[in-house]
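# Sequence below, structure please.
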Amino acid sequence: MKIDRWQWPNRTPQESSWYQYDLEMTGYIPLINMKLISVVNQYFSTSKVIKYGKVTKYNCTDQQLLLYPKCQQIVDEAYQRDLIESKKGRATALGGFERLRGYPEGRFYDENTNFRAIELRYYFDPVDINFDVILAKGFLAEFQLAGFYEQGTVSPDLGEDFWRNFRNSYGFGLRFITGSAVARFDFGFSDEGSAVSIWWDYPF
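Coordinates of the predicted model:
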């Protein structure tokens with residue numbers, strides 16, 4: 001289990017500043033003589049606003065209204081959207097390298113995040129191959145093949161939507177474990193297409 005707290009300052013005067021709280025639980029279940037391992041992961045993320053952003057209301061001039069009578073209506077709608085956003089924090093986004101790997105990076109975000117995943121990792125017999133490349137040096141110790149299935153959702157509150165409306169992602173990955181680095185290649189799929197992730201680390 002891992003608990004984290006992050007503080008995010010506002011990047012613009014219109015944006016709020018907030019705390020982000022993360023709770024992650026991961027379990028490893030050996031299945032076949034340590035050759036096949038099931039990894040289950042549950043991740044919650046929420047946010048608490050420290051300070052609201054400042055949004056300025058704009059009034060159309062008489063000339064602008066003459067040229068475009070709906071000017072004030074459009075400006076007022078934009079103001080209301082900005083006002084709502086100025087009072088919101090942001091939890092960990094879904095999509096990309098670590099969570100919902102079948103979607104683009106940061107595809108879904110809101111004030112709260114609920115994510116769960118299961119991954120099956122098959123460990124091939126260790127090998128010993130010396131190498132020296134730009135990002136790593138040493139010997140190739142292990143090779144893994146992994147398949148994963150993930151579900152995740154984001155919500156403005158902790159109500160019903162936080163526990164339903166999940167997006168699904170699935171795929172497979174390759175792991176090359178060396179003496180100095182871990183190369184990871186993930187190929188994810190979703191209802192919006194596919195995505196490829198390359199890391200020098202584990203997703204969880």
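# Name the residues of the longest helix anywhere in the chain that come out as buried.
Longest helix in the chain, counting residues (DSSP state H): helix 71-85. Neighbour-count burial for helix 71-85 flags Cys71 (criterion: 16 or more other Cβ atoms under 10 Å). All C-beta spots, glycine's among them, are computed from the backbone N, C-alpha and C.
# chain center to the helix or strand following it: distance?
Per DSSP states H and E, the first helix or strand lying C-terminal to helix 71-85 is strand 112-123. The chain centre lies 12 Å from the centre of strand 112-123; the measure is Cα atoms, centre = their mean, to the nearest Å.
# One more: stretch 167-177?
Using Cα atoms, centre = their mean, the offset of stretch 167-177 from its chain centre is 15 Å.
# Format the CA atom coordinates belonging to that stretch as CSV.
The C-alpha trace of stretch 167-177 is given here as CSV (Å, rounded to 0.1, in the frame of the first residue of the first chain):
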residue,chain,number,x,y,z
ARG,A,167,-13.6,2.8,-19.4
ASN,A,168,-11.9,-0.5,-20.4
SER,A,169,-8.4,-1.1,-21.7
TYR,A,170,-6.5,-4.3,-22.5
GLY,A,171,-3.3,-5.4,-24.1
PHE,A,172,0.0,-7.1,-23.7
GLY,A,173,3.6,-6.0,-22.9
LEU,A,174,7.2,-7.1,-23.0
ARG,A,175,9.7,-6.7,-20.2
PHE,A,176,13.4,-6.9,-20.4
ILE,A,177,15.0,-7.0,-17.0
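# ok, residues contacting it?
Applying Cβ atoms under 8 Å, 6 or more residues apart in numbering, the contact partners of stretch 167-177 are 94, 100-103, 108, 121, 140-153, 182-191, 194, 202.
# same deal with stretch 25-38?
Outside stretch 25-38, the residues that touch it by Cβ under 8 Å, 6+ apart are 1-2, 39-43, 118-123, 204.
# Each with direction, which strands does the one helix or strand Thr26 maps to pair with?
Following DSSP H and E, one finds Thr26 within strand 17-32. Strand 17-32 sits in its sheet next to strand 2-8 (antiparallel), strand 36-51 (antiparallel), going by DSSP bridges.
# Phe44: how many residues sit nearby?
Number of residues near Phe44 (other Cβ atoms under 10 Å) recorded here: 19.
# Next, the contact list for it, please.
So Phe44 contacts 22-24, 112-115 (Cβ under 8 Å, 6+ apart).
# and with 7 Å instead?
Counting by Cβ atoms under 7 Å, 6 or more residues apart in numbering, Phe44 touches 23, 113-114.
# Tell me what it is bridged to.
Leu23, Asn114.
# Pick the most deeply packed of the strands paired with strand 17-32.
Sort those by mean neighbour count, taking mean count of other Cβ atoms under 10 Å, and strand 36-51 sits at the top with a mean of 17.
# Centre of the chain to that one, how far?
On Cα atoms, centre = their mean, the centre of strand 36-51 falls 10 Å from that of its chain.
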